[in-house]
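J.: Here's my sequence, what's the structure:
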Amino acid sequence: GKKRKFYFSREFNPNIARNKKVDASENRFLYNMELRRNEPHYRSTPMTYGWVHESLLLRATLLKQKFIDKIKTPILILSSANDTVVENEPQFIFAEKCPVCEIVSVENTNHSMLTAKQEIIVEHINKTLEFFSS
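T.: Numbering: from 1, shown residues only. Down below sits the predicted model:
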């Protein structure tokens, strides 16, 4: 079943309606959807049972201190405070164990941070630029 679609996954829906709680900007939502309709590589795809299995194995490995100690490249994690797709706790555990990792919890965001309000996106981009310029 490695390539079989995971039970809770969905195919890309080119006609999905905007969720005002998630997609703060109607113009940004429409622009993004148009890009995704026109470019198949930009579409989200459903996760497979194989992907779920591999991600759980990787999670266990990434949280082992002996592997974390080998990381030398600085890491910035922008963690969405209200994410219902990705579990936040392992991100914070990893960041606490990894001395070269900085984690920022971005309030008032969900899994798709770049669809948030303009102020939040600006903060997100500024934090990223600051990280790469330091």
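
J.: any residues touching the least confident helix or strand in the chain by mean pLDDT, and which ones?
T.: Sorting the helices and strands of the chain by mean pLDDT, DSSP states H and E puts helix 49-62 at the bottom, at a mean of 88. Contacts of helix 49-62 with the rest of the structure, by C-beta atoms under 8 Å, 6 or more residues apart in numbering, involve 1, 2, 3, 4, 5, 6, 67, 68, 90, 94. C-beta: built from backbone N, CA, C; applies to glycine.

J.: try 7 Å this time
T.: 1, 2, 3, 4, 6, 67, 90, 94 (C-beta atoms under 7 Å, 6 or more residues apart in numbering).

J.: Repeat that for stretch 110-127.
T.: Contacts of stretch 110-127 (C-beta under 7 Å, 6+ apart): 22-25, 28-29, 78, 80, 82-86, 104, 106, 108-109.

J.: Buried residues, the least confident helix or strand of the chain. List them.
T.: By 16 or more other C-beta atoms under 10 Å, the buried positions in helix 49-62 come out as residue 51.

J.: That helix: how far from the chain's middle?
T.: 16 Å (C-alpha atoms, centre = their mean, to the nearest Å).
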